[in-house]
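Visitor: Model the structure of this input:
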Amino acid sequence: MDEARLPGRPRDASRDEAILGAAREVLLREGYAGLSMEKVAAAAGVGKPTLYRRWSSKAALVGDAVLHSFLAVVPDIRLPWTGVTGSAAQQLTDWFRAYATSVGDPRHAAMILALTAAAAESPHDAESLYRHHTSAQHAAVVSCLRSGVSSGEFRADADLEAVADALIGSVLYQLLTRTSDVSLQRTEHLLEILLAGLRTAGH
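Guide: Okay, here's the model as predicted:
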């Protein structure tokens, strides 16, 4: 059993990595239904109190494990977007390709499905998972779209929130309805249609 953490004592990043790695392994092997805090603790070689000091629930742990896996597969998708150059359309295209590639990766697809199961199991955890993970991605896409409006590249009357919903949701829909077979060609076609409708004359 781990020692109780003293007030102000910093978290051990290497231990966090080990726990998240163990959670991914259990998820990939047994799915969300088969994952428990006990199994993750045993796989990581820590006590359950160590997990609960970091994550209040199974769903919260799964959420962080998914995000960690997401960034490991496609690090360019990290938020916020920093040091990005080019037009808003090009920034959006680069992000969307990285996003679709990441979700289509078999390792990450299984994690996304686990996150969906976690959200479906508990409305409270669903709200927390959205706020902690999906909302940041959505906000970054809307911010990029707004920069395109400010520069005159995109129409000012476009519903930017709806565009972000369509981009993020389309990839997740393909994943949920066709297992891990996310079609990059289909996502690219959707992006072309959306960009064509967003662009102002001359762009």
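
Visitor: so what's D165 scoring on pLDDT?
Guide: D165 carries a pLDDT score of 91 in this model.

Visitor: same thing with the one 3 residues further on?
Guide: I168 is assigned a pLDDT of 86 by the prediction.

Visitor: Would you mind confirming that it makes contact with A139?
Guide: No - in this structure, I168 is not within contact of A139 by Cβ atoms under 8 Å, at 11.0 Å. (Each C-beta comes from the backbone N, C-alpha and C, glycine too.)

Visitor: In terms of neighbours, single out the busier of these two.
Guide: Using other Cβ atoms under 10 Å as the criterion, I168 and A139 rank with I168 on top: 17 against 13.

Visitor: what sits against that one?
Guide: Listed by Cβ atoms under 8 Å, 6 or more residues apart in numbering, the contact partners of I168 are 99, 134, 137-138, 141.

Visitor: what does the longest helix anywhere in the chain rub up against?
Guide: Taking DSSP state H as the criterion, the chain has its longest helix at helix 13-34. With Cβ under 8 Å, 6+ apart as the test, helix 13-34 has contacts from 35, 39-41, 43-46, 50-51, 54, 61-62, 64-65, 68-69, 107, 110-111, 113-114, 117-118, 121.

Visitor: In PyMOL, select just the buried ones from the residues you listed.
Guide: Here is the PyMOL selection string for the buried members of the contacts of helix 13-34, based on 16 or more other Cβ atoms under 10 Å:
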select buried, resi 35+39+40+41+43+44+46+50+51+54+61+62+64+65+68+69+110+111+113+114+117+118+121
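
Visitor: What ranges in the chain fall below the confidence cut-off?
Guide: Scanning the chain with the threshold set as pLDDT under 70 gives 1-12, 70-85, 125, 128-133, 178-183.
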